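Enquirer: 3D model of this:
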Amino acid sequence: MDDVDAGLFERDWNNAVYFFALNAEEQIYFRYGGRDSASPDTYLDLHSLEAALAEGLAMQQRWLGGELKLPPRPQPFFAREIPLLVQRTFKQHACVECHLIGDFQNIQREQDGTLDKLAQLYRSPDIKTIGIYLDVPKGLVVKESRDAALAAGMRPGDRITALDGTGVLTFGDLQYRYDKVARRASQVRFTVEREGHPVELVLALPARWWWTDLRFRQSSVDPRLDFEDRPLTGDEKRKLGIPEDGFASQVKHVAELARALKTHDLRVGDVIAGVNGVERDDLANTAELYLKLRVRAGDSAMLDVIRDGQRIQMRLNTHILSFRK
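Expert: Here you go, the predicted model:
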């Protein structure tokens, strides 16, 4: 990627496989690729790729005939515009790999004070969180709708054709556009084709619709915590005498590395009631999420822990995740 225009080929850089179909003016017809946290190839399928390529060829003919209007070429952007990446690659006579671009963009943003973890760490929200399950070989045909999608009226057999007014042809298009939705948005508008007719659907976005499992990303701005937790119920919080609107959570797993790295001394069953004296947050519903959003990787935090009915203070030392560079 040393001399490749990353602005033209902008994407979630943690995707394993990604194709762009574009014309001679470098205007993009469609994107093909994308993934979820479960697998790098959840949405990759030869049948849907073949269908997308056929549609791309049809778009090419329409463009050549002057019938198709496309967005202008994106603003150019190159790896050499990321100062920290220049130090790591160009000056070391090393190669710029795809995954380095996204990671060093975030490291640079954090250093510059512009990092927005909601949008730039929690990338590519999972459409299953809002109840959209696709018939993958058929592209954007809905196989099943649940939750917000079902409540909005989305049905099996609907073909998603646009998101907030922008046309989408493939899952890669859909994921790319969905990733652009403002993280504090309360709704999103889908257009589906149903029995040959367009239907507009407004989906109400649930709290933390943007949350995804970050473990596969190995991001340098994601503080390593070496534990997992679950949110407490209202009843559990009342019994412990802690705020019902707080992010108190119970530890459900502790990584073996926690002791070796001296991250913390948490145990399964511990309740984390607060972090650095804070118990409430407008975004986080667990201590783990609060730490990921509010604490910089490599920094320490003081935990307010309830263990066997007793409150104790415990230091947590976050670590910067190792990443193949």
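Enquirer: how many neighbours does residue 26 have?
Expert: 14 (other CB atoms under 10 Å). Placement of C-beta: from N, CA and C, glycine included.
Enquirer: what's the domain layout of this protein?
Expert: Here the domain parsing of the chain from automatic domain parsing is 18-120, 127-204, 223-320.
Enquirer: Just tell me which of those ends up closest to residue 7.
Expert: domain 18-120 (3.2 Å; CB to CB).
Enquirer: Stretch 260-271: end-to-end distance?
Expert: 22 Å (CA to CA, to the nearest Å).
Enquirer: Please identify the buried residues of that stretch?
Expert: 263-266, 270-271 (16 or more other CB atoms under 10 Å).
Enquirer: any chance you could map the helices in the stretch 151-300 of the chain?
Expert: 171-179, 234-240, 257-261, 287-294 (DSSP state H, counting those that start in this stretch).
Enquirer: now the shortest one, how far from the centre of its chain.
Expert: I take that to be helix 257-261. In terms of CA atoms, centre = their mean, to the nearest Å, the centre of helix 257-261 is set 27 Å apart from its chain centre.
Enquirer: Repeat that for stretch 158-168.
Expert: 20 Å.
Enquirer: again, but for stretch 96-107
Expert: 15 Å.
Enquirer: where does residue 195 fall, phi/psi-wise?
Expert: Dihedral angles of residue 195 (phi, psi; degrees, to the nearest 10) stand at phi 50, psi 40.
Enquirer: Now do it: how many residues are near it, please.
Expert: 7.
Enquirer: And for residue 242?
Expert: So residue 242, with other CB under 10 Å, has 19 neighbours.
Enquirer: contacting residues for it?
Expert: 232, 248, 271, 273, 279, 306 (CB atoms under 8 Å, 6 or more residues apart in numbering).
Enquirer: Need the pLDDT of the last one.
Expert: In other words, residue 306. Looking at residue 306, its pLDDT stands at 98.
Enquirer: Just the ones in strands from the buried residues of stretch 260-271, please.
Expert: residue 271 (DSSP state E).
Enquirer: re the thing from before, can I get the domains of the chain in TSV with distance to residue 7?
Expert: Listed next are these as TSV, based on distance: least, CB to CB, whole Å:
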stretch	distance to residue 7
domain 18-120	3
domain 127-204	14
domain 223-320	27
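Enquirer: Of all the ones you listed, which one is nearest residue 9?
Expert: Across these, closest to residue 9 is domain 18-120 (CB to CB), at 6.1 Å.
Enquirer: Can you get me the start-to-end distance on that closest one?
Expert: 19 Å.
Enquirer: Adding distance to residue 96, write the buried residues of stretch 260-271 out as a markdown table.
Expert: A markdown table is the format used below for the buried residues of stretch 260-271 (distance: CB to CB, whole Å):
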| residue | distance to residue 96 |
| --- | --- |
| 263 | 32 |
| 264 | 36 |
| 265 | 40 |
| 266 | 38 |
| 270 | 43 |
| 271 | 45 |
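Enquirer: Residue 209: which of the buried residues of stretch 260-271 is nearest?
Expert: For the buried residues of stretch 260-271, the nearest to residue 209 is residue 271 (26.2 Å; CB to CB).
Enquirer: Geometric centre of the chain: which residue is closest?
Expert: residue 123 (2.3 Å; CA atoms, centre = their mean).
Enquirer: who's in contact with that residue?
Expert: Per CB under 8 Å, 6+ apart, neighbours of residue 123: 12, 14, 179, 212.
Enquirer: sorry, back to before: which one of the helices of the stretch 151-300 of the chain is the most hemmed in?
Expert: Compared across the helices of the stretch 151-300 of the chain, helix 171-179 shows the largest average neighbour count, a mean of 23 (mean count of other CB atoms under 10 Å).
Enquirer: which helices and strands does that one pack with?
Expert: On a contact count with 3 or more CB pairs under 8 Å, 6 or more residues apart in numbering; DSSP states H and E, helix 171-179 meets strand 28-33, strand 159-163.
Enquirer: now the angle between helix 171-179 and the longest one, please.
Expert: Compare the direction of strand 28-33 with that of helix 171-179 by axes from the mean of the first three to the mean of the last three CA atoms, to 10 degrees and you get 90 degrees.
Enquirer: Kindly report the same for the last one.
Expert: Orientation note: strand 159-163 sits at an angle of 40 degrees relative to helix 171-179 (the same axes, to 10 degrees).
Enquirer: that older thread, please pick the buried ones from the contacts of residue 123.
Expert: 12, 14, 179, 212.
Enquirer: Helix, strand or coil: sort out the second one for me.
Expert: Residue 14 falls in the coil class when you classify it by DSSP: H, G, I helix; E, B strand; the rest coil.
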